[in-house]
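Peer 1: Following is a predicted model, sequence given first.
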Number of protein chains: 2
Amino acid sequence: MQLLPVILPEPSILLCAFVSSCPLPVGPRCGCHIPPPLLLTMSATSGFKLNHVMIRVRDPEPSLKFYQEVLGMRLLYKMDVEMAKFTNYFMGHVTDEEYELYQSFGAAENNSPEKLKLLFGRLALVELCHNWGTESDESFKGYHGGNSEPRGFGHLCLSVPDLTAACKHFDDHKVKFTKRPDDGMIKGVAFIHDPDGYAIEIVQPDLPISM
Amino acid sequence: MQLLPVILPEPSILLCAFVSSCPLPVGPRCGCHIPPPLLLTMSATSGFKLNHVMIRVRDPEPSLKFYQEVLGMRLLYKMDVEMAKFTNYFMGHVTDEEYELYQSFGAAENNSPEKLKLLFGRLALVELCHNWGTESDESFKGYHGGNSEPRGFGHLCLSVPDLTAACKHFDDHKVKFTKRPDDGMIKGVAFIHDPDGYAIEIVQPDLPISM
C-alpha cells in the first residue's frame, strides 16, 4: 500500500479509484494500491469556477460597441427582466466555432437550457447590467468605478498577446488611456477606461513588468 | 473559388491558409479554395482574455481563508509592492496538477518570468488588493461593494456543479447568505457575501433559473 501526499482544499475525501469495488476513503483501512493518475479527488469545492463579473452600465449601445469592438468579446446572451426593468448582456471571449454554436440557438435572447448550460459553465464572462432608462435620464450621474471614494472594486484585467499592438488598436478606436505602458511606477502595463469609467488593465503575459 | 461568410470582430483579415504560398487576404484576388477548418483568423483582438478582476480587501487573513476554503481557489501569486505599501494576492481555481506547477516555483512571492507568464496567461483570477494597515485601522470604514449608492460593480459569479451541496458547504463555513436559492423573484440562484461584503452569485449551469 502506498499513500500519496496530495494537498487539497478542505474538506476533502480521496476515494480509492483503482479498485472500483473499494468504497473506502484513502487511508489505513484501504489496502488498494492507488497510482496517482487514477486518484479521484472529491472536494466540496470541486468544479467551482469564476463564471462572470457583473458591472452596471448606463447605456448599452456604447458599452456593447466597446466590449465587442475594442475588447474583442461577443454578445452570448441577452437577458431581459421585464418585471424589474433591466437587461443583462453576457459578453465573453469565444472562438469563432464557439460563437457559431451560441448563434445556432437563434437570437441572443434565446434562453434554452442547453444554451444556458454552456453559458454558465464557462469561465471569465462579463455581465453588463442595464437598468432601463439611465441612458436617457439627465439626472442620472453615472455609475461608480470604485477607484475614488468610496473605494472597492478596482478593475478588470485583460491579457493580450501583444501590448504594443493592443495599444495601437485602442488608439485606433480613440480609447482613453489612464496609463500607457511606459507611464508611472509600474512599466509594461496599460490602463484604459470603458464607457462608464470602469478601469481596465492590459497586460502581456510574457512581457516583464518592471518597477 | 468559394468564399465563406465568417463573422469576425473588426478589424479582421482572413488569410488564405490552404495554399501556403498564397500571401493574399481572402477575397476576389485569392483564387485558392479554403476549407473552413483551415481558415486562419487574424484580428486585432485575437488572444484577448479576461485574466482577473481586482477588488480591495480590508484584511487579507479572513479574505484568503474565504477565497481558499469557501470558494476553493488557491493562492497563486503574492505581489508585495513595498513602495506603495500594498500587497496583491492572485487567487484562482486550478487543478491539483496546475497548483503543483505554481508551487514548483517556490514561495507565493516568486515572480520569475516563467511563473508570471503562466499566471497572466490564465483566465478568471481574482486579485485581492490589500493596502497595508486597513486591517488594524479603527477609523477605516471598510470597502464599498457597489450595490448601494453610489452603485457600480455588482458581483462575482461562481458556477458550481451542485448548488444544494455548495449551499451546505457555505453553511458549514457559516457564510452569510443574501439570498438562498428559493428566496426572492429569481429561483435557482444564491447570493453570498465575502468578508468585505462583496456580493457573490452562485449558479449551477444545468439548473433551470425560474422567475
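Peer 2: Done, it's in. Just so you know, these numbers come straight off a predicted model, no measurement behind them.
Peer 1: Can you pull out the low-pLDDT segments for chain A?
Peer 2: For chain A, the stretches with pLDDT under 70 are A:1-42.
Peer 1: And the strands in it?
Peer 2: Using DSSP state E, the strands of chain A run over A:12-15, A:40-43, A:49-56, A:74-81, A:86-92, A:125-131, A:153-159, A:177-179, A:189-193, A:199-203.
Peer 1: For those, give me TSV that also has mean neighbour count.
Peer 2: Placement of C-beta: from N, CA and C, glycine included. Below are the strands of chain A laid out as TSV (neighbours: other C-beta atoms under 10 Å in any protein chain shown):
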stretch	mean neighbour count
strand A:12-15	16
strand A:40-43	14
strand A:49-56	24
strand A:74-81	18
strand A:86-92	20
strand A:125-131	22
strand A:153-159	23
strand A:177-179	16
strand A:189-193	21
strand A:199-203	22
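Peer 1: So for B:Thr87, which of the ones you listed sits nearest?
Peer 2: If you check each of the strands of chain A against B:Thr87 by C-beta to C-beta, strand A:153-159 wins as the nearest, at 13.5 Å.
Peer 1: so how far is the closest one off the chain centroid?
Peer 2: The chain centroid and the centroid of strand A:153-159 are separated by 10 Å under C-alpha atoms, centre = their mean, to the nearest Å.
Peer 1: helices and strands around that strand, which ones?
Peer 2: Where contact means 3 or more C-beta pairs under 8 Å, 6 or more residues apart in numbering or on different chains; DSSP states H and E, strand A:153-159 is packed against strand A:199-203, strand B:49-56, strand B:125-131.
Peer 1: if we can go back for a sec, so which of the strands of chain A gets nearest B:Gly72?
Peer 2: Ranking those by proximity to B:Gly72 (C-beta to C-beta) places strand A:40-43 first, at 6.9 Å.
Peer 1: got the contact list for the longest helix along chain A?
Peer 2: Taking DSSP state H as the criterion, chain A has its longest helix at helix A:163-172. For helix A:163-172, the external contacting residues (C-beta atoms under 8 Å, 6 or more residues apart in numbering or on different chains) are A:70, A:160, A:177, A:180-181, A:188, A:190, A:192, A:202-204, A:207, B:11, B:44-45, B:48.
Peer 1: one step back: how about CSV for the helices and strands packed on strand A:153-159, with distance to B:Asn110 added?
Peer 2: What follows is these, written out as CSV (distance: least, C-beta to C-beta, whole Å):
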stretch, distance to B:Asn110
strand A:199-203, 18
strand B:49-56, 18
strand B:125-131, 16
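Peer 1: Which positions within the longest helix of chain A qualify as buried?
Peer 2: Across helix A:163-172, burial judged by 16 or more other C-beta atoms under 10 Å in any protein chain shown covers A:163, A:166-167, A:169-170.
Peer 1: Find the nearest non-adjacent residue to A:Val57, please.
Peer 2: Once flanking residues are discounted, A:Val57 sits nearest to A:Ser63: 4.2 Å by C-beta to C-beta, 6 or more residues apart in numbering or on different chains.
Peer 1: An error on my part: the question was meant for A:Ala44.
Peer 2: Residue nearest to A:Ala44 in three dimensions, not counting chain neighbours: B:His169, with 4.1 Å by C-beta to C-beta, 6+ apart.
Peer 1: again with A:Met91
Peer 2: With sequence-adjacent residues excluded and distances taken as C-beta to C-beta, 6+ apart, A:Met91 is closest to A:Met73, at 4.1 Å.
Peer 1: Please report the distance of the one you found from A:Pro161.
Peer 2: Going from A:Met73 to A:Pro161 by C-beta to C-beta, to the nearest Å gives 16 Å.
Peer 1: Who has more neighbours out of those two?
Peer 2: A:Met73 (27 against 15; other C-beta atoms under 10 Å in any protein chain shown).
Peer 1: Identify the residues contacting that one.
Peer 2: Per C-beta under 8 Å, 6+ apart, neighbours of A:Met73: A:67, A:91-93, A:126, B:48.
Peer 1: any chance of the residues you listed in CSV, plus distance to B:Gly154?
Peer 2: Formatted as CSV, the contacts of A:Met73 follow (distance: C-beta to C-beta, whole Å):
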residue, distance to B:Gly154
A:Tyr67, 15
A:Met91, 14
A:Gly92, 17
A:His93, 20
A:Val126, 11
B:Phe48, 22
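Peer 1: ok, those vs B:Phe140, which is closest?
Peer 2: Closest to B:Phe140 out of the contacts of A:Met73 is A:Val126 (29.6 Å), distances taken as C-beta to C-beta.
Peer 1: if I read this right, that closest one contacts B:Val53, doesn't it?
Peer 2: No - between A:Val126 and B:Val53 there is no contact under C-beta atoms under 8 Å: 9.3 Å.
Peer 1: anything in contact with each of these two?
Peer 2: With C-beta under 8 Å, 6+ apart, A:Val126 and B:Val53 have common neighbours A:53, A:156.
Peer 1: The residue nearest to the spatial centre of chain A and chain B, how far apart?
Peer 2: With distances taken as C-alpha atoms, centre = their mean, the residue of chain A nearest its centroid is A:Ala124 (1.8 Å). For A:Ala124, the distance to chain B equals 4 Å [C-beta to the nearest C-beta, to the nearest Å].
Peer 1: quick one: contacts for that residue?
Peer 2: So A:Ala124 contacts A:50-52, A:92-93, B:49-50, B:123-124 (C-beta under 8 Å, 6+ apart).
Peer 1: Repeat the analysis, applying 6 Å as the threshold.
Peer 2: Shown in contact with A:Ala124 (C-beta atoms under 6 Å, 6 or more residues apart in numbering or on different chains): B:50, B:123-124.
Peer 1: Could you do A:Pro205 as well?
Peer 2: A:159, B:117, B:120-121.
Peer 1: I'd assumed A:His155 was in contact with A:Gly146.
Peer 2: No - A:Gly146 is not in contact with A:His155 according to C-beta atoms under 6 Å; the separation is 8.3 Å.
Peer 1: In contact with the residue nearest to A:Pro181 when sequence neighbours are not counted, which residues are there?
Peer 2: Closest residue to A:Pro181 apart from its sequence neighbours, by C-beta to C-beta, 6+ apart: A:Ala190 at 5.1 Å. Applying C-beta under 6 Å, 6+ apart, we find A:Ala190 in contact with A:167, A:180-181, A:202.
Peer 1: ok, which pair from those residues is furthest apart?
Peer 2: The widest separation within the contacts of A:Ala190 (C-beta to C-beta) is 9.9 Å, between A:Arg180 and A:Ile202.
Peer 1: Without its sequence neighbours, what residue ends up closest to A:Ser210?
Peer 2: Here the residue nearest A:Ser210, using C-beta to C-beta, 6+ apart, is A:Lys187, at 4.6 Å.
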